[in-house]
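Peer 1: mind folding the following:
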Amino acid sequence: MGRLDDRVALVTGAASGIGEATAWRLAAEGAAVLLTDIAVDAGEAVAEGLRDSGARALFARHDVAGEADWDTVCTLAVEQFGGLDILVNNAGMGDLATIEETTLKDWQHTIDVDQTGVFLGMRTAAPYLKASSHASVINISSIFGTSGGFGTSPAYHAAKGAVRTLTKNAALHWATDGIRVNSIHPGFIDTPILDAARGTPFWTTMTDLTPMGRLGRPAEIAAGVAYLASDDASFVTGLELYIDGGYLAR
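Peer 2: Predicted structure coming up:
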């Protein structure tokens with residue numbers, strides 16, 4: 001028996017990286033998984049792989065900044081799998097621009113995806129989560145939701161910081177409604193988005209800044225998600241879980 005047997009999870013940004021690893025881990029724990037992303041071909045491939053392994057999985061195209069898209073995917077989860085117990089707000093984006101280089105359009109796009117998408121997800125999923133006896137929301141923030149990083153990516157830092165406090169606000173709001181809400185703050189994680197940095201000074205910098213001397217693996221973030229989604233964390237809400245190889249311990 002898996003820790004998440006008979007539960008239904010919705011994972012955004014699930015076509016690659018942390019989202020893909022999370023979908024696989026939740027499915028391995030017994031959950032049915034609705035994967036969503038704007039990368040349709042990659043997302044479909046992940047869902048197909050999960051089904052081939054015997055998991056219950058489905059993919060849907062989903063722009064997390066779109067209110068109507070949230071209505072669609074939450075309804076789909078209920079229609080296809082019978083409910084919604086776990087929401088993983090993982091989809092995100094960022095850049096390395098400075099404050100001076102960041103246009104208002106770029107700023108707003110990052111806020112829309114990284115911050116507003118989390119709000120829309122929680123708001124839309126609320127009635128379905130309240131109907132669950134094992135409701136858990138896991139919002140993927142970042143170490144840069146707490147620290148200033150390299151002094152670049154102001155929109156990303158602002159959004160991830162907002163996710164950190166929004167998580168606590170929602171945790172308090174739903175504390176007696178049976179919905180637990182927690183955030184995970186990954187450090188530097190070896191995902192496809194960093195492929196261009198391999199072998200560069202930036203890669204060395206990320207490794208040097210991590211006390212454990214390596215980048216994290218997506219599966220290590222997925223393990224934290226599985227814990228927070230399960231009844232092992234039944235008395236955990238409003239938590240900031242840092243999975244960062246010691247970065248913020250400095």
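
Peer 1: going forward, measure contacts and count neighbours with C-alpha atoms only.
Peer 2: Will do.

Peer 1: quick one, longest helix in the chain?
Peer 2: For the chain, the longest helix by residue count, based on DSSP state H, is helix 154-173.

Peer 1: average pLDDT across the helix or strand just after that one?
Peer 2: Next helix or strand after helix 154-173 toward the C-terminus (DSSP states H and E): strand 179-186. Regarding strand 179-186, the rounded mean pLDDT is 98.

Peer 1: any idea how far strand 179-186 is from the chain center?
Peer 2: Put simply, strand 179-186 sits 9 Å off its chain's centre (Cα atoms, centre = their mean, to the nearest Å).

Peer 1: tell me who's in contact with the spatially most central residue of the chain.
Peer 2: Centroid-nearest residue in the chain: residue 90, 2.0 Å away (criterion: Cα atoms, centre = their mean). Applying Cα atoms under 8 Å, 6 or more residues apart in numbering to residue 90 gives the contacts 11-14, 18-19, 139-140.

Peer 1: now, those residues that are in helices?
Peer 2: If you go by DSSP H, the contacts of residue 90 have 18-19 in helices.

Peer 1: between which two of the contacts of residue 90 is the distance greatest?
Peer 2: Farthest-apart pair in the contacts of residue 90 is 14 and 139; separation 13.5 Å (Cα to Cα).

Peer 1: neighbour count winner among the two?
Peer 2: residue 14 (30 against 27; other Cα atoms under 10 Å).

Peer 1: dump the least confident helix or strand in the chain by mean pLDDT to PDB, keeping only the CA atoms.
Peer 2: Lowest mean confidence among the helices and strands of the chain (mean pLDDT, DSSP states H and E): helix 201-209, at a mean of 94. Extracted C-alpha coordinates of helix 201-209, given in PDB (Å, rounded to 0.1, in the frame of the first residue of the first chain):
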ATOM      1  CA  PRO A 201      31.700  29.400 -14.400                       C
ATOM      2  CA  PHE A 202      28.000  29.800 -13.300                       C
ATOM      3  CA  TRP A 203      27.700  26.100 -12.800                       C
ATOM      4  CA  THR A 204      30.900  26.200 -10.700                       C
ATOM      5  CA  THR A 205      29.500  29.100  -8.700                       C
ATOM      6  CA  MET A 206      26.200  27.200  -7.900                       C
ATOM      7  CA  THR A 207      28.200  24.200  -6.800                       C
ATOM      8  CA  ASP A 208      30.600  26.300  -4.700                       C
ATOM      9  CA  LEU A 209      27.700  28.100  -3.000                       C
END
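
Peer 1: give the rounded mean pLDDT of the helix or strand just after that helix.
Peer 2: Of the helices and strands lying after helix 201-209 in sequence (DSSP H and E), the nearest is helix 218-229. Helix 218-229 comes out with an average pLDDT of 98.

Peer 1: same question for stretch 52-65.
Peer 2: Mean pLDDT, stretch 52-65: 98.

Peer 1: which other residues reach that stretch?
Peer 2: Stretch 52-65 is contacted by residues 12, 27-28, 30-40, 43-44, 47-48, 50-51, 69-70, 73, 91, 112-113, 116-118, 120-121 when judged by Cα under 8 Å, 6+ apart.

Peer 1: buried residues in it?
Peer 2: Neighbour counts over stretch 52-65 (16 or more other Cα atoms under 10 Å) mark 55-65 as buried.

Peer 1: next step: these restricted to strands.
Peer 2: Residues of the buried residues of stretch 52-65 located in strands (DSSP state E): 57-61.

Peer 1: check the gap between residue 61 and residue 150 for me.
Peer 2: Going from residue 61 to residue 150 by Cα to Cα, to the nearest Å gives 33 Å.

Peer 1: and the end-to-end length of stretch 185-197?
Peer 2: Using Cα to Cα, one end of stretch 185-197 lies 21 Å from the other.

Peer 1: most distant residue from the centre of the chain?
Peer 2: For the chain, the largest distance from the centre (Cα atoms, centre = their mean) belongs to residue 100, which lies 28.6 Å off.
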